[in-house]
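Chemist: Return a 3D structure for these sequence lines:
(chains A and B)
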Amino acid sequence: MRVIRACRELGIPSVAVYSDVDRASLHVRKADEAYHIGPAAAAESYLNFAKTLDVAKRSGADAIHPGYGFLSENAKFAQACGDAGVKFIGPSPASMEMMGSKTRARQQMEKAGVPFVPGTSRGLESADEAEQVAGKIGYPVMLKAAAGGGGKGMRLVHRPEQLKSALEAAQSEAERAFGDREVYIEKAIVNPRHIEMQVLADEHGNTVYLGERECSIQRRHQKVLEESPSPIVDPEMRQRMGEVAVRVATAASYTNAGTVEFLVDQDKNFYFLEMNTRLQVEHPVTELITGLDLVHLQIRIAAGEKLPFRQEDIQIRGHAIECRIYAEDPDNNYFPSPGKITLLLSPSGPGIRRDSGMYEGWTVPIDYDPLLAKLIGYGTDRPQAISRLTRALHEYFVGGIKTNISLFRRILTDVDFQAGKVDTGYLDRLLKAKPPHVQREDEEVAAIAAGIFAIMDPTSAVPANGKSSATGSAPANGIDASSWKRAARLEGLG
Amino acid sequence: MVYDVSIDGKRYRLELEREETRWHCRLNGREVEMDAVLARRDVLSVLIGGKAYEIKREHTATDMHLWVGSVRYLTELHDPRSLRGRRSATADEKGPRKLLAPMPGKVVRVLIGEEQPVEAGQSILVVEAMKMQNEIKSPKKGTVRKIVAAEGANVNAGDVLAIVE
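Modeler: Numbers count the residues shown, from 1 in each chain, chains lettered A, B, ... in the order given. So this is what the prediction gives:
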């Protein structure tokens, strides 16, 4: 939807692709053209180069915007686009390849004099090597997969005696998740913040940074809430981090939009973590505080235009906070909650932006990542952004499936969050604490309303076998929720 | 109109009389006056003594919920005048209730055995799927009449796991 909207604004016809289960998705009817691309399984549809390029050929498309997830960081696909004469809206295959492997990226950054977390920039050859390096850099250490993220192939090791088995476990997990068992080692920073810098580069050698995003609020290494600017980054630190980020991008000969991720310790030292060679889910917060349209700029850069501004022209104004609304059940360990959306009441009003793929009556497919929408609150300062977002969450109602909306109410009213005291362990700590007591005082109102509904708005009772509701939804049961989680892990979104 | 309503397991006898948008209600004998308008399917705007409520109705595969503001209430409604003697498995809260698997998985633990008493909301068994454990809870206070899916059994969504009476 984000890309289709930008295309429409620029007068560029858009072509959507869809798999079997996405025929009714919002993007299909909002695009100018849409083509079927295969069955639900991503490998046979959205991840399939030949089918995707075939649609480009048939539709006469000049360019492909890969979005996030799927093929967006696949250097081979970017190459295949180039070979087919279709412009890939993103960096070059070489840049993607360099940054695609975390160890290769670290090696390049070493050369460019970019600060990074102490550790190895090559995969570990043996448990002995691991022990040696760990001894030098000091425990605790983090073992990480070179080929991917999302928590896969990652192990935190506190003591030397745990290292060998952790390494074996990390390697086999990495093999399973990414087809690459390469694991490297880093010093584990205590309670780090995850702060990333948006960069933008045209194909004429101009590279700028567009401000940072605080992304420390994560659950199982998946981002849940992001904001810009970061509560702990002042203009001087922003400039230092931004200049390092530009150095990273330049060292990779980077073009188009990208994000340089840093870990920041409690003393505000920042270390290069990795670079994401695509537009990110959380880009709206950067758009709101800079007043820039990143997708427009991506398209224009790909069309060969120069950046229409210089670093000095970029102003940061106000504060933006984004919540990722997922189809997950907060009362059941965030288990995916597929099914039909029977009722959707969406918020709007001052300072509210909503990027959503949901609509009432849509059956959320279980085959892909359960991200439903992004709700962003923007204000002149952080308290106003929080207040508007809290108010908007109060208005938001998604009926028929479970969502994590209640989680955000908890975060936004939390004292530590409001004080900006967050780090990557924050959400786990919050979730371990006792949830706030919710007043349940309207039972009688509900009881009376039940009768009034029955009279004014009768529907059939829920059938005993629970297989379909009276409103004729597609069956939410009989679905293999495991393929959803598996697919989501493979794509490693965010 | 008269209804038997259950909210989070608590039972009410509801009598309703309508006069355009004004409703005269008697809830377990207590009189309540309210103004109610159906804003759209599944959404009621209710006014009681000047206080405003937005009430949303939601059906899931196994239950009905009413949301008053952001708080969710498990709701069951029964019209006592409708066919007596016919026991509908989910609509009649007095009769036996089937517990259905909400997703495909494996029964890893049976917590309460047959003929054992159980409270509303108490977990009867645990279904595991994707390494996540899902506790299947009793919808009512009663007795576990039958455990249909034994420990170790693989189940599909919608399969009957147990019957509580």
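Chemist: What residue spans form the domains of the chain?
Modeler: I went with chain A, as the question did not name one. Residue ranges of the domains in chain A are recorded as A:2-97, A:118-187, A:193-432, according to automatic domain parsing.
Chemist: wrong chain, I was asking about chain B
Modeler: Taken from automatic domain parsing, chain B resolves into B:2-78, B:97-164.
Chemist: Give the pairing partners of the lowest-mean-pLDDT helix or strand in chain B; include direction for each.
Modeler: When the helices and strands of chain B are compared on mean pLDDT, DSSP states H and E, strand B:132-137 comes out lowest with a mean of 77. Using DSSP bridges, the strands paired with strand B:132-137 are strand B:123-129 (antiparallel).
Chemist: what does the strand it pairs with rub up against?
Modeler: The contact list for strand B:123-129 (Cβ atoms under 8 Å, 6 or more residues apart in numbering or on different chains) reads A:335, A:481-482, B:99, B:101-112, B:118, B:133-138, B:144, B:147, B:149, B:155, B:161-162, B:164. Placement of C-beta: from N, CA and C, glycine included.
Chemist: List the contacts of the residue in the stretch 151-300 of chain A positioned nearest to chain B.
Modeler: In the stretch 151-300 of chain A, no residue comes nearer to chain B than residue A:220, which is 11.6 Å away by Cβ to the nearest Cβ. Counting by Cβ under 8 Å, 6+ apart, residue A:220 makes contact with residue A:151.
Chemist: give me phi/psi at it?
Modeler: The phi and psi torsions at residue A:220 (degrees, to the nearest 10) take the values phi 50, psi 50.
Chemist: Could you check how far it is from residue A:329?
Modeler: 15 Å (Cβ to Cβ, to the nearest Å).
Chemist: coming back round to it: what's the pLDDT at the residue of the stretch 151-300 of chain A closest to chain B?
Modeler: Looking at residue A:220, its pLDDT is 86.
Chemist: same question, residue A:102
Modeler: Value listed for residue A:102 in the pLDDT field: 82.
Chemist: what's the spacing between the residue lying closest to it once chain neighbours are set aside and chain B?
Modeler: Closest residue to residue A:102 in three dimensions, ignoring its sequence neighbours and counting by Cβ to Cβ, 6 or more residues apart in numbering or on different chains: residue A:146, at 4.9 Å. Using Cβ to the nearest Cβ, to the nearest Å, one obtains 25 Å as the distance from residue A:146 to chain B.
Chemist: Would you enumerate the residues in contact with residue A:146?
Modeler: Taking Cβ under 8 Å, 6+ apart, we find residue A:146 in contact with A:101-104, A:123, A:174, A:180, A:182-184.
Chemist: Which phi and psi values does it adopt?
Modeler: Torsion angles, degrees, to the nearest 10, at residue A:146: phi -70, psi -30.
Chemist: ok so, going back, okay, the domains of chain B in TSV with mean neighbour count and distance to residue A:406 next?
Modeler: TSV is the format used below for the domains of chain B (neighbours: other Cβ atoms under 10 Å in any protein chain shown; distance: least, Cβ to Cβ, whole Å):
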stretch	mean neighbour count	distance to residue A:406
domain B:2-78	17	8
domain B:97-164	18	18
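Chemist: weakest of those by average pLDDT?
Modeler: domain B:97-164 - the lowest mean pLDDT of the domains of chain B, at a mean of 82.
Chemist: And that one, end to end?
Modeler: For domain B:97-164, the first-to-last residue distance is 5 Å (Cα to Cα, to the nearest Å).
Chemist: how distant is that domain from the center of its chain?
Modeler: 16 Å (Cα atoms, centre = their mean, to the nearest Å).
Chemist: May I see the buried residues of stretch A:337-356?
Modeler: Using 16 or more other Cβ atoms under 10 Å in any protein chain shown as the test for burial, stretch A:337-356 gives A:337-347, A:351-355.
Chemist: any chance of the domains of chain A in TSV, plus distance to residue B:65?
Modeler: Below are the domains of chain A laid out as TSV (distance: least, Cβ to Cβ, whole Å):
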stretch	distance to residue B:65
domain A:2-97	25
domain A:118-187	33
domain A:193-432	8
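Chemist: can you tell me which of those domains the model trusts least?
Modeler: domain A:118-187 (a mean of 89).
Chemist: Show me where the stretch 1-150 of chain A has its strands.
Modeler: For the stretch 1-150 of chain A, the strands defined by DSSP state E, counting those that start in this stretch cover A:15-19, A:33-38, A:63-64, A:87-88, A:141-145.
Chemist: From the rest of the structure, what touches the longest one?
Modeler: Applying Cβ under 8 Å, 6+ apart, the set of residues contacting strand A:33-38 from outside is A:13-20, A:23, A:27-28, A:44-46, A:48, A:51-52, A:55, A:58-59.
Chemist: Starting from that strand, tell me which strands it pairs with and how they run.
Modeler: Assessed with DSSP bridges, strand A:33-38 is paired to strand A:15-19 (parallel).
Chemist: Write out the residues of the stretch 251-400 of chain A neighbouring chain B.
Modeler: A:332-333, A:335, A:339, A:342-343, A:345, A:394, A:397, A:399-400 (Cβ under 8 Å from any Cβ of the partner chain).
Chemist: which of those sit farthest apart?
Modeler: A:333 and A:345 (26.4 Å; Cβ to Cβ).
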